[in-house]
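Asks: just to be clear, the model below is a prediction. Sequence and coordinates:
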Amino acid sequence: MKIVFMGTPDFAAGSLKALIAAGHDILLVVTQPDRAKGRSDKPVPSPVKEVALENNIPVFQPLKIKTPESVAELKKYDADIFVVAAFGQIISKEILDMPRLGCVNIHASLLPKYRGASPIQQVILDGEEKTGVTIMQMDEGIDTGDMLYKIETEITEEDTFETLHDRLMEIGGRAITDALVLLEKGELKPEKQDDSKSNYAKLIKKEMGRIDFTKSADVIGRLVRGMNPWPSAYTFLEGKQLKIWMAKPVKDENGNLTAAPSGAAAGEVTAVYKDRFTVAAGSGLIDIYELQSEGKKRMSAKDFLLSGRIKEGTVLG
């Protein structure tokens, strides 16, 4: 197929690579303008742009995709379909109607659940047992179009935002290449979304990573996993930020939360071991295995405990 591809981050770059490997003719890549990154404040190309340049594909980087100038540029390419993945801009109906087969989106959830900006993190935060990728025919709404194709995956108790993102990135590449084959054969049957089953995964912000130890140990554990590696879950120790990178609720052999000692305050360290320390939550206990002091590198709890800053009775937060 002749494709115009629109996307920006790593998740989208995975699908672009899969389409190139499958032999599709990528006429143009549309991505966000280069953005400053890191301390150097030097503009850096998006992961999608990097893939395009490596494969000698023309790149278009409009500030706004809906302007007449941008629309005129897209009309130059006789594409069969526009494929969109985490592009980062709203696409107008004029653009949606432009290619013969319209525009399809690679969305990192099992629609209609988890429409919106942060579905990968939100499914972990909410304790979902499965997620996946949906190929959707785009309309003027936000992730509201007809569903065309899905691939599911289980969410494990070890999954972080990073591991689940990387798995869904690979699944997204498989899903779009499978879907395009079926689309060419006329074998895809559009399925309307049930709006009553939808929810919205709002954009994750840094302050959402602050740990509330009055919550249950299960909720805290999911927060740590869902915010790893960005924006990270954090608390405070001696007035300074302390990022928590790995933590697990303490459970018995039946999978039930172990109760905190009587009288322990939420956020209080109740036990210190060689490789971890245990903190009381509003319900249950949580073990901390990896963390990072403000201005320092990530380290294991074993190494951090050598500083002597954590003792039984220390209160975090």
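Replies: That came in fine, so what should we check first?
Asks: so residue 204 sits in a helix?
Replies: No: read with DSSP: H, G, I helix; E, B strand; the rest coil, residue 204 is coil and lies in no helix.
Asks: tell me the confidence at residue 246?
Replies: With respect to pLDDT, residue 246 scores 98.
Asks: just residue 194 next, same as before
Replies: 97.
Asks: hey, what's residue 300 bridged with?
Replies: Beta-bridge partners recorded for residue 300 (DSSP bridges): residue 290.
Asks: isn't it up against residue 292?
Replies: No: counting by C-beta atoms under 8 Å, residue 300 stays clear of residue 292, with 10.6 Å between them. For every residue, glycine as well, the C-beta is placed using N, CA and C.
Asks: roughly how far apart are residue 1 and residue 181?
Replies: 9 Å (C-beta to C-beta, to the nearest Å).
Asks: quick one: which of these two has more around it?
Replies: Remark: of residue 1 and residue 181, residue 1 carries more neighbours, 20 against 13, as counted by other C-beta atoms under 10 Å.
Asks: sorry, back to before: residue 300 and residue 292: who's more crowded?
Replies: residue 292 (17 against 14).
Asks: next up, the contacts around the more buried one.
Replies: 232, 242-243, 245, 298-299 (C-beta atoms under 8 Å, 6 or more residues apart in numbering).
Asks: mind listing residues that contact stretch 295-314?
Replies: Under C-beta under 8 Å, 6+ apart, the answer for stretch 295-314 is 237-238, 243, 245, 268-272, 274-277, 288-293.
Asks: buried subset of the residues you listed as a ChimeraX selection?
Replies: The ChimeraX command for the buried members of the contacts of stretch 295-314 (criterion: 16 or more other C-beta atoms under 10 Å) is given here:
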select :237,243,245,268,269,270,276,277,288,289,290,291,292,293
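Asks: out of the contacts of stretch 295-314, which are inside helices?
Replies: Here DSSP state H is the test, and the contacts of stretch 295-314 give no hits in helices at all.
Asks: just to revisit the earlier point, now tabulate the contacts of residue 292 in a markdown table and tack on distance to residue 168.
Replies: As requested, these are exported to a markdown table (distance: C-beta to C-beta, whole Å):
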| residue | distance to residue 168 |
| --- | --- |
| 232 | 20 |
| 242 | 30 |
| 243 | 24 |
| 245 | 21 |
| 298 | 24 |
| 299 | 29 |
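Asks: so residue 222, which state does it fall into?
Replies: Going by three-state DSSP: residue 222 is helix.
Asks: quick check, it in contact with residue 127.
Replies: Yes: with contacts counted by C-beta under 8 Å, residue 222 reaches residue 127, the gap being 5.8 Å.
Asks: show me what residue 210 is bridged to.
Replies: The residues listed as beta-bridge partners of residue 210 by DSSP bridges are residue 234.
Asks: and it, how many neighbours?
Replies: 15.
Asks: mind listing what the residue nearest to residue 111 when sequence neighbours are not counted touches?
Replies: Closest residue to residue 111 apart from its sequence neighbours, by C-beta to C-beta, 6 or more residues apart in numbering: residue 134 at 4.3 Å. Residue 134 makes contacts with 107, 109-111, 147-150, 175, as judged by C-beta under 8 Å, 6+ apart.
Asks: in the helix or strand harbouring residue 134, which residues are buried?
Replies: In this structure, residue 134 sits in strand 130-137 according to DSSP states H and E. For strand 130-137, burial by neighbour count (16+ other C-beta under 10 Å) applies to 131-137.
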